[in-house]
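**Q** Quick one: sequence plus predicted model below, questions after.
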Amino acid sequence: MRTSVAERLSGAVLALEGVGILVLVAWQIVALVSGDTDSAVSSVALIVLTALGAALALAFAFACARGVSWGRSGGIVTQLLILAVALGAATGQVAHPLTALAVAAPALVGLPLLIAAVRAAARRVRPTEQ
């Protein structure tokens with residue numbers, strides 16, 4: 001099955017996000033090993049959950065690039081979760097708008113690509129009559 005450009009590009013964006021999340025896992029491990037955490041148990045739990053998120057993002061990336069529907073839907077959920085994290089970084093007592101923008105930027109690129117990928121897949125399944 002041939003995939004569209006939008007599916008391949010959205011898969012690439014998801015893969016970059018997955019790699020970015022893996023970098024965050026490495027950062028958390030360094031913080032744990034260096035003793036820069038309040039609770040080792042909480043740190044390990046956060047590392048495990050973050051690694052799971054990275055694995056899911058990478059799985060969605062490969063599925064989306066191959067044209068599998070669960071990759072696109074999971075990718076859309078991932079983009080919405082990233083935007084929610086960015087909103088949290090932009091608001092509150094210790095708001096960091098530039099950090100929020102840096103977190104939101106990949107999702108603001110990935111979400112329209114994923115929507116275009118869904119539309120392309122729908123056209124492939126049900127071609128328009130002319």
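**A** Yep, it's here.
**Q** What are the buried residues along stretch 67-81?
**A** Within stretch 67-81, the residues that qualify as buried are Gly67, Val68, Gly71, Arg72, Gly74, Gly75, Ile76, Thr78, Gln79, counting by 16 or more other CB atoms under 10 Å. For the C-beta atoms, the positions are set from N, CA and C on the backbone; glycine is no exception.
**Q** same deal with stretch 38-57?
**A** Those would be Ser43, Leu46, Ile47, Thr50, Ala51, Gly53, Ala54, Leu56, Ala57, for stretch 38-57 by 16+ other CB under 10 Å.
**Q** Turn those residues into TSV, including pLDDT.
**A** Shown next, in TSV, are the buried residues of stretch 38-57 (pLDDT from 0 to 100):
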residue	pLDDT
Ser43	95
Leu46	96
Ile47	97
Thr50	96
Ala51	98
Gly53	96
Ala54	97
Leu56	97
Ala57	97
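**Q** ok, of these, which one's closest to Ile29?
**A** Closest approach between the buried residues of stretch 38-57 and Ile29, by CB to CB: Ile47, at 6.2 Å.
**Q** Cool, thanks, talk later.
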